[in-house]
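**Q** Sequence and predicted structure are below.
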Amino acid sequence: MYGAVYVLSTVTGYVLTSALLLKCPTLLHRKKKERFHSKHISHRGGAAENLENTMAAFKHAVALGTDMLELDCHLTKDEQVVVSHDPHLQRATGINAYISDMAYGELPPYLCKLDVTFQRECICEGGEDKRIPLLKDVFEAFPNTPVNIDIKVNNDTLIKKVSELVVKYDREHLTVWGNASNQIVRKCYKENPRIPVLFSFPRVLQLLCLFYTGLLPFVPLKEQFLEIPMPNIVNKLYDPNRMSKSQRLFTWLADNLLMRKALFQHLTARGIQVYIWVLNDEEDFQRAFDLGATGVMTDFPTRLKDFLDRNGLSKPQ
Ligand SMILES: *[C@@H]1O[C@H](CO)[C@@H](O)[C@H](O)[C@H]1NC(C)=O
Ligand SMILES: *[C@@H]1O[C@H](CO)[C@@H](O)[C@H](O)[C@H]1NC(C)=O
């Protein structure tokens, strides 16, 4: 009898404490200092409006007033940090070679037209600028624009060089870096803990386990950015008739587990920003902000800008 009462009161105490700390996390954790706050994030510079990851794309996005550039990094054979998505050059340049096997000066230009990965049947027709830029070019051109860097290869030299560039251009307060791989994120954090990191994929799974067991409010977190896809967009990217029942069920489940207002509210109260990718439609922008996401990554910077302006969500200038 007493045992049952004891267990019951302990469980009740745990549930109440967890619920209280979920709502008011600063009772236990110091709120992380946000050095910038991004609502409008241009994915690969806005891959549907300009050729992805080109200076032309970044210039367009910054001129439009984007809050952040999202880009990807690789290392060339002569150890230069370049901004490009794929390790292999075939898709984007038509050349059958790896970036890591070529010197920077040998890199081919992009093709005139590139498929937009996160928009079905969409091809981006580029302008003059087809050059694969150096990360340094981006830092020099946009000294005040926050940049989200995806470290695309697990290569210690790449991580070290990116950190050196970030330090050299005095951008530790304007950068977030990482990758879905936990090993890469750990190396980034070890290389330079002053540059904020994002949650790797295994850490996102851990985060969800902690959230659904009520443990999350008690656990310290080193990451400062949660960057996750909106699983539902898969239904737009692929023909639903060609998705199997289990694929559809998995998408539905992932969407329900991940897109949680209470989770986003808790994280943002702890000073962790929540970015959702890659959204290209108004209804998805709306859903993300309704759920309490802090920012949206898009291939259509103009579309997102119009949406923010019309809904009174733009930052005051
Ligand atoms: C990292 O990249 C450089 C340049 O491409 C290469 O020489 C080196 O072997 C790579 N290191 C590892 C551990 O893959
Ligand atoms: C993370 O890095 C791996 C290489 O280790 C790469 O294949 C992958 O595309 C990257 N993931 C993301 C989400 O960028």
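**A** Now that the structure is in, tell me what you want to look at. Ligands and ions are numbered 1, 2, ... in the order given.
**Q** element containing Val82?
**A** strand 81-83 (DSSP states H and E).
**Q** Which strands and helices lie in contact with the following helix or strand past that strand?
**A** Toward the C-terminus, strand 81-83 is succeeded by helix 90-93 as the next helix or strand (DSSP H and E). With contacts taken as 3 or more C-beta pairs under 8 Å, 6 or more residues apart in numbering; DSSP states H and E, helix 90-93 sits against strand 113-115. Bear in mind the C-beta positions are built from the backbone N, C-alpha and C, glycine included.
**Q** Can you spell out which helices and strands pack onto the strand it packs on?
**A** helix 90-93, strand 123-125.
**Q** Can you give me the buried ones in the longest one?
**A** When burial is assessed from 16 or more other C-beta atoms under 10 Å, helix 90-93 yields the following buried residues: 92-93.
**Q** Which parts of the protein are helices?
**A** With DSSP state H as the criterion, the chain has helices at 2-23, 55-64, 90-93, 135-141, 156-168, 182-191, 201-213, 234-237, 245-258, 261-269, 282-290, 301-310.
**Q** Please identify the most buried of the ones you listed.
**A** Compared across these, helix 55-64 shows the largest average neighbour count, a mean of 20 (mean count of other C-beta atoms under 10 Å).
**Q** got the contact list for it?
**A** With contact meaning C-beta atoms under 8 Å, 6 or more residues apart in numbering, helix 55-64 is reached by 42, 44-47, 49-51, 69, 71, 126-129, 131, 133, 137-138, 141-142, 145, 301-302, 305.
**Q** For the stretch 101-250 of the chain, what lies in contact range of ligand 1?
**A** 155-157 (C-beta under 6 Å from any ligand atom).
**Q** Just give me the neighbour total for the one residue in the stretch 1-150 of the chain that gets nearest to ligand 2.
**A** For the stretch 1-150 of the chain and ligand 2, the shortest gap (C-beta to the nearest ligand atom) falls at Asp150, measuring 4.5 Å. When neighbours are counted by other C-beta atoms under 10 Å, Asp150 registers 19.
**Q** List the contacts of it.
**A** Applying C-beta under 8 Å, 6+ apart, the residues contacting Asp150 are 70-73, 177-179.
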